[in-house]
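Enquirer: Sequence first, predicted model second:
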Amino acid sequence: MNYSIREIAAALGAKAVGAVDLKVRSAAEPAGAGPDDLALAMDEKYAGGLTQGQAQAAILWPGADWQALGLKAAIFVPRPRYAMSGVTQILDPGPGIAEGIHPTAVIDKTASIGEGACIGPFVEIKAGVRIGAGARIDSHVSIGTDAVIGAWALLLSGTKIGARVVIGDRFIAQPGVVVGADGFSFVTPEKSTVEQVRDSLGADVAATQQSWTRIHSLGNVEIGDDVELGANTTIDRGTIRATRIGRGSKLDNLVHIGHNVEVGEDCLLCGQVGVAGSSRIGSRVVLAGQCGVSDNIFVGDDVVAGGATKIFTNAPSGRVLLGSPAVRMETQIEIQKAQRRLPKMMKQIAEIQKAVSKPARND
C-alpha cells in the first residue's frame, strides 16, 4: 500500500512540509532509499546518505533544511527515535495470514473462535480452547486443551500454547514460541548432590549414585495484555501455582522463563536471558542479553542489568547492575579497570620480592 506524506505525518502527530501528497511505499535508510521510499534520516549525520540515495521525502532531525537536501517533502518529529515505532507500524505489511479458517485446520467442536479470527493451515486447536475476536493464527500453531487467548492476538508459525494457559489481549508470539511446557523439576529419593552443595557451598559433599524422579507441573502460565514473546522463547508452567508474565512486558528471542517465575509489568528481557524457577522479577526491569537470574530470588522494580550479568542474590529496586556476580555497574567498571592493571602489578610485585629477598652485602 502507498501512503501520502500527509497521512503519515497525521498518524504521527508530526509536521509535514513540501509536497505532502507525495506517496511512499516503504521506509529505507537514506543511502539506500529509492524514489518510492521514505528515508529515515533522524540525525544530521545521515545528511550525506540522502545525497547518495534517491529519496524524495524523509523524516528529518529538527531544524534540518529539507530543500537544501534536495527533498520534495519532509516530516519533522520532536523525538525521531520514537517516531520509528509509528512509521514502522504504518508501513508494516504484516505476516500475510489469509482471512477465515483454512480447510486444513483441525479445530475441536468445543473450541470457541472469536469473530473475525483468521486461522492458517495445519493449525490444531484442542477441546475447550477460547480465542478472542480478531486473532490471527499462522500455520502449524498448536493450542492445548482449555487454553484462553485474548482478542487481537498474533501467533506466528510454529507457536505452541500448552493446556490451560491463559493469555491476554494483543499478544504477539514470534515463530517457535513455546508457552506451557512442563517445568524442569526433578527430585531424588535421598538428598541429592546438588542439595548438599547448596547447603554446604561445596564443602564435605559426598557424591553418591542417584536417579531423578519427575515432579509434574500442575500449574499453568498466565500472561497479561500487550505481551510479546520473541522467536523460540519458552515459558514453563508452574509446579502448583502459575508462572506469570505481567502486562506490557516484552521478551526477546531465546529467552527462557522457568517454572513459578513471576515477571512484572513493562519489563524488557533481551536475547538469551534465563530466569530460574520461582524467582520474582519486578516491574520495568531491563535485563540485557545473556543475563541470568538464579532461582528463588527477587529482582526489584526498575532494575537495569547490563549484558551477561549474573544475578545470584536479591537485587534492590532501582539498582543498575553489571558483572558476574552482579554488582553495581560503577563498581564493576572499577573492577574491570583493576583487572587490566593486574599484569603490570604482578610484574612490579615480582620485582619487589626479588629486591627484598636479595642477600645484603657486607662491605
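Expert: That came through, no problem. Computed from a predicted model, the values in this text were never measured in an experiment. Residues are numbered from 1 along each chain as shown.
Enquirer: which is the next helix or strand following the helix or strand of the chain with the lowest mean pLDDT?
Expert: Within the chain, confidence by mean pLDDT, DSSP states H and E is lowest for helix 193-200 among all helices and strands, at a mean of 85. Next helix or strand after helix 193-200 toward the C-terminus (DSSP states H and E): strand 213-214.
Enquirer: That following strand: partners in the sheet, and parallel or antiparallel?
Expert: Using DSSP bridges, strand 213-214 pairs in its sheet with strand 186-187 (antiparallel).
Enquirer: about what we covered before: export the least confident helix or strand of the chain as PDB, just CAs?
Expert: The C-alpha coordinates for helix 193-200 follow below in PDB (Å, rounded to 0.1, in the frame of the first residue of the first chain):
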ATOM      1  CA  THR A 193      24.500 -34.000  45.500                       C
ATOM      2  CA  VAL A 194      23.000 -30.700  44.300                       C
ATOM      3  CA  GLU A 195      21.200 -30.200  47.600                       C
ATOM      4  CA  GLN A 196      24.300 -31.000  49.500                       C
ATOM      5  CA  VAL A 197      26.300 -28.400  47.600                       C
ATOM      6  CA  ARG A 198      23.600 -25.800  48.100                       C
ATOM      7  CA  ASP A 199      23.600 -26.400  51.900                       C
ATOM      8  CA  SER A 200      27.400 -26.600  52.400                       C
END
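Enquirer: Please state the offset of that helix from the chain centre?
Expert: Taking C-alpha atoms, centre = their mean, to the nearest Å, one finds the center of helix 193-200 at 33 Å from the center of the full chain.
Enquirer: what residues does that helix touch?
Expert: Under the contact criterion C-beta atoms under 8 Å, 6 or more residues apart in numbering, helix 193-200 has outside partners Asp204, Val205, Ala206, Ala207, Thr208, Gln210. For the C-beta atoms, the positions are set from N, CA and C on the backbone; glycine is no exception.
Enquirer: just the buried members of those residues?
Expert: Buried residues within these, defined by neighbour count using 16 or more other C-beta atoms under 10 Å: none.
Enquirer: would you turn these into TSV with distance to Val166 and pLDDT?
Expert: Below are those laid out as TSV (distance: C-beta to C-beta, whole Å; pLDDT from 0 to 100):
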residue	distance to Val166	pLDDT
Asp204	46	82
Val205	41	85
Ala206	44	80
Ala207	42	78
Thr208	42	79
Gln210	36	85
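Enquirer: The residue nearest to Leu60 when sequence neighbours are not counted: which element?
Expert: In space, and not counting its chain neighbours, Leu60 is closest to Ala74: 5.0 Å by C-beta to C-beta, 6 or more residues apart in numbering. According to DSSP H and E, Ala74 maps onto strand 73-76.
Enquirer: now Glu7
Expert: In this structure, Glu7 sits in helix 5-12 according to DSSP H and E.
Enquirer: so for that helix, what's the average pLDDT?
Expert: What helix 5-12 shows for mean pLDDT is 95.
Enquirer: strands paired with the following helix or strand past that helix, and their directions?
Expert: On the C-terminal side of helix 5-12, the closest following helix or strand by DSSP H and E is strand 15-18. Strand pairing for strand 15-18, using DSSP bridges, gives strand 73-76 (antiparallel).
Enquirer: what residues does the strand it pairs with touch?
Expert: 5, 8-9, 12, 14-20, 22, 38, 56-60, 62, 64, 66, 83.
Enquirer: Same check on stretch 79-97?
Expert: By C-beta under 8 Å, 6+ apart, the residues outside stretch 79-97 that reach it are 1, 3, 8, 11-12, 14, 25-27, 38, 40, 42-43, 59, 61, 75, 77, 118, 120, 136-138, 154, 156.
Enquirer: Just the buried positions in it, please.
Expert: Pro80, Ala83, Val87, Leu91, Ile97.
Enquirer: from these, which is closest to Thr233?
Expert: Ile97 (20.3 Å; C-beta to C-beta).
Enquirer: pretty sure Thr145 is in a strand, no?
Expert: No - when classified by DSSP: H, G, I helix; E, B strand; the rest coil, Thr145 is found to be coil rather than part of a strand.
Enquirer: doesn't Ile161 make contact with it?
Expert: No - in this structure, Thr145 is not within contact of Ile161 by C-beta atoms under 8 Å, at 10.4 Å.
Enquirer: Of those two, give the one with the bigger neighbour count.
Expert: Comparing Thr145 with Ile161 by other C-beta atoms under 10 Å, the one with more neighbours is Ile161, at 28 against 16.
Enquirer: Which strand residues bridge the more buried one?
Expert: Here Ile161 sits in beta bridges with Ile143, Val179, going by DSSP bridges.
Enquirer: residues contacting it?
Expert: Val141, Ser142, Ile143, Gly144, Ala147, Ile149, Leu155, Ile167, Ala173, Val179, Gly180.
Enquirer: Take those and write them to TSV, including neighbour count.
Expert: Shown next, in TSV, are the contacts of Ile161 (neighbours: other C-beta atoms under 10 Å):
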residue	neighbour count
Val141	24
Ser142	18
Ile143	30
Gly144	20
Ala147	25
Ile149	27
Leu155	31
Ile167	27
Ala173	29
Val179	29
Gly180	26
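Enquirer: So this structure: which segments form each domain?
Expert: 3-91, 189-216 (automatic domain parsing).
Enquirer: Mean pLDDT lowest where, among the ones you listed?
Expert: domain 189-216 (a mean of 86).
Enquirer: And that domain, end to end?
Expert: Length of domain 189-216, first residue to last, C-alpha to C-alpha, to the nearest Å: 16 Å.
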